[in-house]
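>>> fold the following for me, if possible:
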Amino acid sequence: MTEVPEGLPAVGEAVRDTVRDRVGRVTGHEGPYVQVRPLGGGREWDADPGRLRALTQDELLSALVAEANARSGQAW
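Take a look at the predicted model:
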């Protein structure tokens, strides 16, 4: 298992990028950045680790439901 540098979120952790106001899962660490991919898949982006915060369980559930609704074309 690859060790995560101190202070960085672990690969697979759900986070909010407070600069872009987007949520996703950490997919890796490269140089000074953290790579994040949207929860429903899509293009990765580089994020400043100092501007990321872990999602609470409630926030993660809400984001996953919103993603599922968007895929199904339903608006609630």
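
>>> please tell me how far residue 25 sits from residue 73.
23 Å (Cβ to Cβ, to the nearest Å). Where C-beta positions appear, they are placed from N, C-alpha and C, glycine not excepted.

>>> tally of neighbours for residue 23?
Using other Cβ atoms under 10 Å, residue 23 has 20 neighbouring residues.

>>> what's the answer for residue 21, then?
Neighbour count for residue 21, taken as other Cβ under 10 Å: 7.

>>> the host helix or strand of residue 37: partners in the sheet, and parallel or antiparallel?
Assigned by DSSP states H and E, residue 37 belongs to strand 33-38. Strand pairing for strand 33-38, determined by DSSP bridges: strand 22-30 (antiparallel), strand 45-47 (antiparallel).

>>> tell me the contacts of the closest residue to residue 38 other than its chain neighbours?
Setting aside the residues directly before and after it, residue 38 is nearest to residue 24 in space (Cβ to Cβ, 6 or more residues apart in numbering), at 4.8 Å. Counting by Cβ atoms under 8 Å, 6 or more residues apart in numbering, residue 24 touches 14, 15, 17, 36, 37, 38, 39, 45.

>>> same deal with residue 16?
Neighbour list for residue 16: 22, 23, 52, 53, 55, 59 [criterion: Cβ under 8 Å, 6+ apart].
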